[in-house]
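K.L.:
need a 3D model of the following:
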Amino acid sequence: MSGLRKVLGAGLGLVLACAASAGELPGWWRAFPGLARMECDFVQDSDSAVFGKLSRKGHLQLAKGGRLRVAYQPGLLLVADGRTLVQYDPQARTAQSTPLRSASADSPLLAVLLDPASLGRFYTAKGGPDDSLELEPLQQGLPRVLLTGRNGLLQRIQWTDGTGARQAIAFQDARVPPRAFASAVFSFQAPAGTRWLGKP
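P.N.:
Just a heads-up that it's a prediction; the model follows:
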């Protein structure tokens with residue numbers, strides 16, 4: 001899933017098993033796993049010695065049970081229905097489907113949104129300054145991650161990817177919608193002419 005690493009690793013717990021005690025973790029993080037749903041716009045900034053500074057915008061919808069929709073505007077679409085993650089590239093008209101468990105293991109940053117409970121396999125968490133949360137990697141090759149939030153909602157994720165590029169995703173006007181999302185939000189319908197990379 002190198003494409004997924006590019007989207008969420010370079011360019012996005014229920015009970016977090018970690019060395020820090022719950023009392024040391026920010027209150028917003030302890031509340032975040034209980035969130036039924038969240039919706040927001042986001043801006044993803046990348047600062048690379050190779051590509052320079054890049055910025056992309058998009059829209060995110062998140063619901064309990066591993067359901068997620070991330071739509072870059074314009075660009076890639078990620079849709080998770082709780083079992084499977086689909087990555088669709090409208091320019092190449094290609095789609096790739098991966099079991100959600102495999103996708104989260106491939107990109108621990110994805111677990112921040114979809115499966116916080118699994119983060120303890122990859123990171124030790126501790127509270128940082130200004131009510132931030134620091135995720136220190138337990139395995140080589142994983143980035144150190146800094147999270148900030150407020151009122152039980154995630155506001156920002158920062159990390160340096162494997163190429164040395166500094167990455168930041170800012171969640172703008174994060175909110176809890178008053179009503180549950182329609183089931184179609186987390187269902188991917190392949191446009192005509194889509195070429196699947198591997199079996200759908």
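
K.L.:
can you map out the strands along this structure?
P.N.:
Listed in chain order, the strands of the chain (DSSP state E) span 37-48, 52-63, 67-72, 77-81, 84-89, 94-99, 123-127, 133-137, 145-150, 153-160, 166-175, 195-196.

K.L.:
how about JSON lines for these, with mean pLDDT and mean neighbour count added?
P.N.:
For glycine as for every other residue, the C-beta is placed from the backbone atoms N, C-alpha and C. What follows is those, written out as JSON lines (pLDDT from 0 to 100; neighbours: other C-beta atoms under 10 Å):
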{"stretch": "strand 37-48", "mean pLDDT": "95", "mean neighbour count": "17"}
{"stretch": "strand 52-63", "mean pLDDT": "95", "mean neighbour count": "16"}
{"stretch": "strand 67-72", "mean pLDDT": "96", "mean neighbour count": "21"}
{"stretch": "strand 77-81", "mean pLDDT": "96", "mean neighbour count": "21"}
{"stretch": "strand 84-89", "mean pLDDT": "95", "mean neighbour count": "22"}
{"stretch": "strand 94-99", "mean pLDDT": "94", "mean neighbour count": "17"}
{"stretch": "strand 123-127", "mean pLDDT": "90", "mean neighbour count": "20"}
{"stretch": "strand 133-137", "mean pLDDT": "92", "mean neighbour count": "19"}
{"stretch": "strand 145-150", "mean pLDDT": "93", "mean neighbour count": "19"}
{"stretch": "strand 153-160", "mean pLDDT": "93", "mean neighbour count": "19"}
{"stretch": "strand 166-175", "mean pLDDT": "94", "mean neighbour count": "17"}
{"stretch": "strand 195-196", "mean pLDDT": "95", "mean neighbour count": "12"}
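
K.L.:
mind putting these into TSV with distance to residue 112?
P.N.:
Formatted as TSV, the strands of the chain follow (distance: least, C-beta to C-beta, whole Å):
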stretch	distance to residue 112
strand 37-48	12
strand 52-63	11
strand 67-72	11
strand 77-81	13
strand 84-89	14
strand 94-99	17
strand 123-127	10
strand 133-137	8
strand 145-150	7
strand 153-160	7
strand 166-175	10
strand 195-196	27
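
K.L.:
between those, which gets nearest to residue 111?
P.N.:
strand 123-127 (9.1 Å; C-beta to C-beta).

K.L.:
what lines up beside the closest one in the sheet?
P.N.:
Strand 123-127 sits in its sheet next to strand 133-137 (antiparallel), going by DSSP bridges.

K.L.:
who's in contact with the partner strand?
P.N.:
Outside strand 133-137, the residues within contact range by C-beta atoms under 8 Å, 6 or more residues apart in numbering are 25-26, 29, 119, 122-128, 143-149.

K.L.:
how about stretch 45-56?
P.N.:
10-11, 43-44, 72, 75, 163-170.

K.L.:
how does it look with 7 Å?
P.N.:
Residues outside stretch 45-56 that contact it (C-beta atoms under 7 Å, 6 or more residues apart in numbering): 10, 11, 43, 44, 72, 75, 163, 164, 165, 166, 167, 168.
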